[in-house]
Each structure stands twice: as C-alpha cells, then as structure tokens.
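> Generate coordinates for the sequence data below:
(one chain, ligands or ions: 1)
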Amino acid sequence: MTDLESTARALVAEGKGILAADESSGTIKKRFDSIGVESTEETRRAYRDLLFTTDGAEEFISGVILFDETIRQSSADGEPFPKLLDSKGIIPGIKVDLGAKPLALAPGETITEGLDGLRARLEDYRELGARFAKWRATYSIADDKPSEYCVWTNAHALARYAALCEEAGLVPIVEPEVLMDGTHTLEQSAKATGRVLQAVYVELHDQRVDFRRTLLKPNMVLSGYDATSRAGVEEVADATLDVLHRHVPAAVPGIVFLSGGQTDEDATAHLNAMNTHGPHPWQLSFSYGRALQAPALKAWAGKPENVEAAQRAYYHRAKMNSAARTGMYAPELEKEAVPA
Ligand code: 13P
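As a prediction, the model looks like this:
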C-alpha cells in the first residue's frame, strides 16, 4: 500500500473522523460574531489551541483540517500546531482552495478558485507538516441550478487539485457541496447530488487520479432547510446511501460527510443511521466543522475561564460522532454531556 493510501485509510480508521477547523478569516469572524468575540489573530489562535489541546479527543479524531494562518500558529507553550497534533497521533491537513467566486455568465453559481500556483503551495504545506488537503466546490439547487456548466467546471477544477495533491504526496479530500438552503425536496437534492458526483468521478478518472488515495467529502441528501415538509432521519439515510452507491466507486476508501448547517445532533443521527445499514464499500465517517464545534464555541464565549467547559463540549460531540461511526449512537447518550 502506498503512503497516501495508508494516510487515507488512517483518516477513516474505525471509530474516528475529521475535525474541520479550517474556517477562512471571513467565516471564523462570522462564528465569533455569533458569540460576541472579536476576531483577531490571537483570539483565533486561542480558540484553535483549546480544540487541539483537548485531552482524549484523539480517541475519536483522526485528522484536523487547518487554515493557512492556523498551520503557521503555535500552542500557548510555543509548539507549532501541526507538531502538537502529530504528537497526539492526529494527522494535520490543510484547506488549499481560495474560496468559491461568482462563475462568469452564470448568475447565482460559483466556481472555486486557487489552482494558480497550487503546486508550489502544496510543497510549502507539506514542509509545514500537512499530510492531506481539502478543496470545496459549492452548488445551489433551483429550477435551472446547478447548471451543467457549473457542475462540469467545478468537477474539472476539483480533479486538477486532486491530481496536484497526489503528485505532491498529499491525500486530496474532494469536497463537492450541494447547498441545502432553499425549499427543494429530498428528490431534488438526490438528483443534484448524483449529477455532481457523476461529473466529479468522470473528471477524476480522466485526470489520472488514483481513487484509492482520495477521500470524498459530500453533503448528505436532505430536504431544503426551508422546505414545507422535511425528510426524517431514515429517509435521509436511505436517499443519501442510494446516491452514494450509484455514483461513488468502491475504490474510494472513505466518505467523510460535511455537516453543512445541520444541527449537531441531526448530523450525528444521520451518520449513525447510514452506518446501521452497512456494510458499505467505503468507510462512512465525518469531517464536521459546525456540528463538532458549535457547543464548544458557545461554551467558550472567548473567556479563558470557560476553556475547560468548551473542551468538554467538543470532546462530547467527538465521542457521539465516533459512536455514529459504528451505528452505536442513541439520543440518550447525549445526557452523558457534562454540563458546561
Ligand atoms: P461544516 O461541517 O460546518 O459544513 O464544515 C465542513 C467544511 O469543512 C466545509 O467546507
């Protein structure tokens, strides 16, 4: 097995998943605004420090995705974050796209940028300790969206990124996210997600990417957040599995879902339901941002005296999602959370 293959497999090791802590400066500011904390280089560092030094999180967390600023920052005792994570057996990763920008001549659709100079940036990140990378493309659902144009241009860019990662010795996490904002039905979500995944795997194959060295980070198939009637846990699990079985090659070692604005408990329950319907050709795991961090962020509120409570909240969510990896999660387990 190649190094990349073993890294990809380690990221989806039994009972473990990924923490996405790669919020860009704009996104982390939004998160901090919600708790009334100013976003400065130091508050961002302190918050990431709290997450990465949580005792025991490594039982449930295989890897952490960092942002460009964060991979260069250090813990309070001066230890660089990638080194700190590595010492706990957690694999450091890095977000390498430069964000979703308006797609020319396609009002309301986006193309993700960041390919220019990417080969050199990947080399730098590897030097800094990264072993895997992430690139996110986004698609909206509406009558005429996502357009074929948006689906194929983003698939092409995702494949160019993935090929460069394999060449640089980094496992590419391929993240096509069909956004769940809007009033669409579960069926519309399934159709859009299927079209997007189909294009992604055609481009990855055509651009010579070895699927065994990659991970997929998709959305779950959900009803739109503003839909009048929304699908329940079992329906979501069935619809998501149906799309994945149709479109994701068995050579892909793991599928690590994004949470995409679901409540943290919904994100856990959906993953759990899918894992009770196994076995599947790929590991089904998580790479959550908001669904792992929301309660910790709230408990912290920017105050040093709340660090322990925030760490307990993060540890608890990591543990719940770990249980969902094997279908062993039950809502009653939520009571185990030590109150902040
Ligand atoms: P969410 O789980 O909050 O959607 O974030 C995951 C992520 O990395 C989005 O790119």
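
> Gly129 reaches Leu66, doesn't it?
No. Contact criterion Cβ atoms under 8 Å: Gly129 and Leu66 do not qualify, at 9.2 Å. No exception for glycine: its C-beta is placed from N, CA and C like everyone else's.

> The two: who's more crowded?
Set side by side, Gly129 and Leu66 show more neighbours around Leu66, with 28 against 19, by other Cβ atoms under 10 Å.

> From Trp135, how far out is the more buried one?
Separation of Leu66 from Trp135 (Cβ to Cβ, to the nearest Å): 14 Å.

> likewise Glu69?
Distance of Glu69 to Trp135, given as Cβ to Cβ: 18 Å.

> Equivalent analysis for Val151, please.
16 Å.

> the more surrounded of these two?
Neighbours were tallied for Val151 and for Trp135 using other Cβ under 10 Å; the higher tally belongs to Trp135 (27 against 23).

> three-state assignment of the residue of the stretch 51-200 of the chain at minimum distance from the ligand?
In the stretch 51-200 of the chain, the residue that lies nearest the ligand is Arg136 (4.3 Å; Cβ to the nearest ligand atom). What DSSP: H, G, I helix; E, B strand; the rest coil gives for Arg136 is strand.

> Look at it and say how many residues are nearby.
21.

> isn't there a strand covering Ala291?
No. Secondary structure assignment places Ala291 outside any strand; it is helix (three-state DSSP).

> if I look at it, how far off is Ser285?
13 Å.

> What residues does Lys134 make contact with?
Ala20, Asp22, Ile65, Gly93, Ile94, Lys95, Val96, Asp97, Pro172, Ile173, Glu175, Lys217 (Cβ atoms under 8 Å, 6 or more residues apart in numbering).

> wait, which of these is closest to Phe211?
For those, the closest approach to Phe211 (Cβ to Cβ) belongs to Pro172, at 10.4 Å.

> just to revisit the earlier point, quick check, the residue of the stretch 51-200 of the chain closest to the ligand in contact with Asp97.
Yes. Arg136 is within contact range of Asp97, at 5.9 Å (criterion: Cβ under 8 Å).

> tell me the mean pLDDT over stretch 30-40?
Stretch 30-40 carries an average pLDDT of 98.

> what about Arg119, how many residues close to it?
12.

> Help me confirm that it comes into contact with Cys165.
No. Arg119 is beyond contact range of Cys165, at 9.9 Å (criterion: Cβ under 8 Å).

> Strands of the stretch 1-150 of the chain, start to end?
17-20, 61-66, 91-95, 100-102, 110-112, 132-139 (DSSP state E, counting those that start in this stretch).

> Pull up the pairing partners for the last one, direction included.
What it means is strand 132-139. Strand 132-139 has these partner strands in its sheet, going by DSSP bridges: strand 91-95 (parallel), strand 171-178 (parallel).

> so what's the closest residue to Pro146 other than its chain neighbours up against?
Excluding the flanking residues, the one nearest Pro146 by Cβ to Cβ, 6 or more residues apart in numbering is Tyr139, at 4.0 Å. Tyr139 is in contact with 109-110, 145-146, 150-151, 154, 176-179, 192, 196, counting by Cβ under 8 Å, 6+ apart.

> In a markdown table: the residues you listed, plus pLDDT and distance to the ligand.
Converted to a markdown table, the contacts of Tyr139 look like this (pLDDT from 0 to 100; distance: Cβ to the nearest ligand atom, whole Å):
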| residue | pLDDT | distance to the ligand |
| --- | --- | --- |
| Glu109 | 98 | 17 |
| Thr110 | 98 | 13 |
| Lys145 | 98 | 19 |
| Pro146 | 98 | 17 |
| Cys150 | 98 | 17 |
| Val151 | 99 | 18 |
| Asn154 | 99 | 14 |
| Pro176 | 99 | 11 |
| Glu177 | 98 | 7 |
| Val178 | 98 | 12 |
| Leu179 | 98 | 10 |
| Ala192 | 98 | 17 |
| Val196 | 99 | 15 |
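
> so can I have CSV of the residues you listed showing distance to Asp206?
Shown next, in CSV, are those (distance: Cβ to Cβ, whole Å):
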residue, distance to Asp206
Glu109, 22
Thr110, 22
Lys145, 24
Pro146, 20
Cys150, 18
Val151, 15
Asn154, 15
Pro176, 16
Glu177, 22
Val178, 22
Leu179, 26
Ala192, 22
Val196, 16
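
> how about the nearest residue to the residue in the stretch 151-300 of the chain that the ligand sits nearest to, chain neighbours excluded?
Going by Cβ to the nearest ligand atom, the ligand is nearest to Gly289 of the stretch 151-300 of the chain, at 2.8 Å. Excluding its sequence neighbours, the residue lying closest to Gly289 (Cβ to Cβ, 6+ apart) is Ala20, at 3.9 Å.
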